[in-house]
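Undergrad: Have a look at this prediction, sequence included:
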Amino acid sequence: MSDREATASTGSGARSPGFGTLAVHAGAAPEPVTGAIMVPVFLTSTYVQEAPARHKGYEYSRSGNPTRTALEKAIARLEAPEDDAPTGLCFSSGLGATDTVMKLLSRGDHVVAGNDLYGGTYRLFTTVYERFGLEFTFVDTADAAAVEAAFRPETRLLWIESPSNPLLRIADLSRLAALARARSALSVVDGTFATPCLQRPFDHGIDVVLHSTTKYLGGHSDVVGGAVVVRDRELGERLRFLQNAAGAVPGPLDCFLVHRGIKTLHLRVERHCANATRVAAWLAGDRRVARVHYPGLPEHPGHEVAKRQMRGGFGGMVSFEIAGAGVEEAKRFCSATRVFSLAESLGGVESLIEHPPSMTHASIPPEVRRRSGLADGLIRLSVGIEDPDDLIADLDASFKAM
């Protein structure tokens, strides 16, 4: 933690800083030349060296950039505030982060992954890495027994989303981390939906935490990025080597935008959660809705686990199915909203609506989607920070327009 973080958060150093203090100060220190309170955007590709191989910590911006370093330290601190030196690594996209983690594996290795996960992750696993000799088994990670049964002697990685995308399933992270550890497999959690504001997988024994920083961490729909955090120093060095060797790194302006977004993360997530709770409860009480997926609802099958391992709320994502609706009805509904914008992505201040089977999860074959519980008429909401009454009125008007 920087001097500024310690001073602002602890005073005497007797207590750990709260999340809001970390969000504002982690990874940031006044720029030493001018005293600028914001980390500058270092728009440079290379750095002058004092002598061959003797430099001031930076030599080439694929390998490192001061703006990126500040963001990497900030995200690492948010995920592991009690650790002395967690390793944070930033990437040009969430899939770039995923791809780098997968490069830890070798031909013949086996991966157990959730059967309800981001379509881009599924596409990367099945159309890219299966060709390179990796094998995958997709199961419901909310069912720990099914996960345990899927392990093989050659299983090297357990890939978890919790809450999952798009069905908001909740995995018992402590139990799954223990299963993986007992079998010498790495456990990975994509924490994009929860953010470190609501859930810290390391507290439950998880080995690797991944984020699409495009989403809540950036928070303003103006940047694409990804991040990985690990606590094990050796694993961190392996990933840092792969980050540099493969080169899927973000530019400094992208890093600046994500770091700026993190400073209000706790405030935004609080409003996202409050609005999503209102919207989910309204949908659950409407006869036009067949099913609502939101872990904050008491009837959600993962509600009790979510209460135990999440803090401060259940997130800003809600999915639902309209009674009797199929693909075309769901598409018409998504096209009729006016406050909710029809668009892919999530986690920005504005509310978004989408139809996963034809948009974010279209790369998953229909029969695979249906088998995992993703209905043809499923609608996914990224609930923003607008007035919740306006959001509910917009959804109500879309029902009436069908």
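TA: Ah, there it is. Numbering: from 1, shown residues only.
Undergrad: show me what contacts R175?
TA: Counting by C-beta atoms under 8 Å, 6 or more residues apart in numbering, R175 makes contact with A144. In this view, the C-beta of every residue, glycine as well, is placed from N, C-alpha and C.
Undergrad: ranges for the strands of this protein?
TA: Along the chain, counting by DSSP state E, strands occupy 87-91, 110-114, 135-139, 155-161, 186-190, 208-212, 226-230, 289-293, 317-322, 341-342, 352-354, 378-382.
Undergrad: Would you enumerate the residues in contact with I262?
TA: A23, A26, L71, A74, I75, L78, L217, G219.
Undergrad: export those to CSV and tack on neighbour count, pLDDT and distance to V305?
TA: Shown next, in CSV, are the contacts of I262 (neighbours: other C-beta atoms under 10 Å; pLDDT from 0 to 100; distance: C-beta to C-beta, whole Å):
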residue, neighbour count, pLDDT, distance to V305
A23, 24, 96, 25
A26, 27, 95, 28
L71, 30, 98, 31
A74, 28, 98, 28
I75, 26, 98, 25
L78, 27, 97, 22
L217, 28, 98, 24
G219, 27, 98, 26
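Undergrad: Now for the residues you listed: which two are most distant?
TA: With C-beta to C-beta as the measure, no two of the contacts of I262 lie farther apart than A26 and G219, at 15.5 Å.
Undergrad: Of the contacts of I262, just say which sits nearest to G312.
TA: Of the contacts of I262, the one sitting nearest to G312 (C-beta to C-beta) turns out to be A23, at 12.5 Å.
Undergrad: distance between the longest helix seen in the chain and the chain's centre?
TA: Scanning the chain for the helix with the most residues, using DSSP state H, yields helix 265-284. Helix 265-284 has its C-alpha centroid displaced from the chain centroid by 17 Å (C-alpha atoms, centre = their mean, to the nearest Å).
Undergrad: next one: stretch 368-384
TA: 18 Å.
Undergrad: coming back round to it: just so I know, which of the strands of the chain lies nearest A246?
TA: strand 87-91 (9.3 Å).
Undergrad: Could I get the strands of the chain in CSV, plus columns for mean neighbour count, mean pLDDT and distance to L43?
TA: Below are those laid out as CSV (neighbours: other C-beta atoms under 10 Å; pLDDT from 0 to 100; distance: least, C-beta to C-beta, whole Å):
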stretch, mean neighbour count, mean pLDDT, distance to L43
strand 87-91, 26, 98, 16
strand 110-114, 24, 98, 38
strand 135-139, 18, 98, 40
strand 155-161, 24, 98, 35
strand 186-190, 25, 98, 30
strand 208-212, 28, 98, 24
strand 226-230, 29, 98, 21
strand 289-293, 18, 97, 43
strand 317-322, 24, 97, 35
strand 341-342, 14, 98, 31
strand 352-354, 23, 98, 31
strand 378-382, 26, 97, 31
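Undergrad: so which of these gets nearest F256?
TA: Counting by C-beta to C-beta, F256 lies closest to strand 87-91 out of the strands of the chain; the figure is 11.4 Å.
Undergrad: mind giving me JSON lines with the contacts of I262 and columns for distance to F333?
TA: Output for the contacts of I262, formatted as JSON lines (distance: C-beta to C-beta, whole Å):
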{"residue": "A23", "distance to F333": "35"}
{"residue": "A26", "distance to F333": "40"}
{"residue": "L71", "distance to F333": "38"}
{"residue": "A74", "distance to F333": "39"}
{"residue": "I75", "distance to F333": "36"}
{"residue": "L78", "distance to F333": "36"}
{"residue": "L217", "distance to F333": "29"}
{"residue": "G219", "distance to F333": "26"}
